[in-house]
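> Would you be able to build a 3D model of this:
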Amino acid sequence: MILIVEVGHWLFMDRHVADMADVPTILVEKDQTGARSFTPMRTLFQLKKWTAARRFIPLLSCDETAYKAYEVFHVDALPSYALLQGGRVLLERNERDVEYEAALAQVDATSDEAVVAFAVRYLQDKLGDDVILAANGTVPGVTHVPNDVYVDGDVVKTGQQLFAWANEKERGSAT
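Okay, here's the model as predicted:
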């Protein structure tokens, strides 16, 4: 099982929220303006575990330049794949996947949901494994993390529940 996670909503918080959090947090995104995004330490440990196993793909709305500001994905938890610009760009080992871009150009994926659905199917075929999406909203034809895992406005709890659910699902599929 591979998780594609819309990290901006599910796992990362801004400085204000991080300062108010009752758990230790760590910087994950820093650009020329300074610290921008944080995540709980427990979430970082899970990110490391899941990316090391090549079972985690971040989904971000930013471009490649802004992606470089996510220190977590270049230092602590290096993903094999990353989806940028809402799924319009696929990076494999931080290089653009031109085959993906060509395949996406061949389909009629004009809406954000259609692009994400294409990305999920493409990665499922390429990697030969089930891909499960953790994102706000629903994408038809895609398997999603259960709705009750996401806690609106609480990335600490959402991250804990997401990885608890995913770890349990992995254990269940291993037996």
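> Please make it C-alpha for all contacts and neighbour counts, starting now.
Will do.
> Now do the helices in the protein.
7-10, 15-20, 41-52, 64-67, 98-106, 112-127, 155-174 (DSSP state H).
> out of these, nearest to residue 89?
Checking these against residue 89 by C-alpha to C-alpha gives helix 98-106 as the closest, at 6.8 Å.
> and the angle from that closest one to helix 112-127?
On the basis of axes from the mean of the first three to the mean of the last three C-alpha atoms, to 10 degrees, helix 98-106 is oriented at 140 degrees to helix 112-127.
> before we move on, back to that, and the helices of the chain, which is most packed in?
Burial of the helices of the chain is given as mean neighbour count (mean count of other C-alpha atoms under 10 Å); helix 7-10 ranks first at a mean of 20.
> And for that one, what's in contact with it?
Helix 7-10 is contacted from outside by 58, 59, 60, 134, 135, 136, 150, 155, 158, 159, using C-alpha atoms under 8 Å, 6 or more residues apart in numbering.
> One more pass at 10 Å, please.
13-14, 37-39, 57-61, 134-136, 149-159, 162 (C-alpha atoms under 10 Å, 6 or more residues apart in numbering).
> Stretch 71-80 too?
26-31, 37-39, 44-58, 67-68, 82, 91-95.
> 8 Å - rerun?
Taking C-alpha under 8 Å, 6+ apart as the rule, stretch 71-80 contacts 27-30, 44, 47-48, 51-52, 54, 56-58, 68, 91-94.
> Mark which of those residues are buried, thanks.
27-30, 44, 47-48, 51, 54, 56-58, 68, 91, 94 (16 or more other C-alpha atoms under 10 Å).
> Which ones among those residues lie within strands?
Those of those mapping onto strands are 27, 28, 29, 30, 56, 57, 58, 91, per DSSP state E.
> Reformat these as TSV; add distance to residue 115 and pLDDT.
Output for these, formatted as TSV (distance: C-alpha to C-alpha, whole Å; pLDDT from 0 to 100):
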residue	distance to residue 115	pLDDT
27	29	92
28	26	93
29	25	92
30	28	90
56	19	97
57	15	98
58	15	98
91	15	97
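> of all those residues, which two lie farthest apart?
Most distant of those, by C-alpha to C-alpha, are 27 and 91, 22.4 Å apart.
> Quickly note the distance from residue 52 to residue 14.
Going from residue 52 to residue 14 by C-alpha to C-alpha, to the nearest Å gives 25 Å.
> same question, residue 144
25 Å.
> Counting neighbours, go ahead and name the busier of the two.
Each of residue 144 and residue 14 has its neighbours counted (other C-alpha atoms under 10 Å); residue 144 has more, 18 against 15.
> Can you tell me the closest non-neighbouring residue to the more buried one?
residue 133 (4.7 Å; C-alpha to C-alpha, 6 or more residues apart in numbering).
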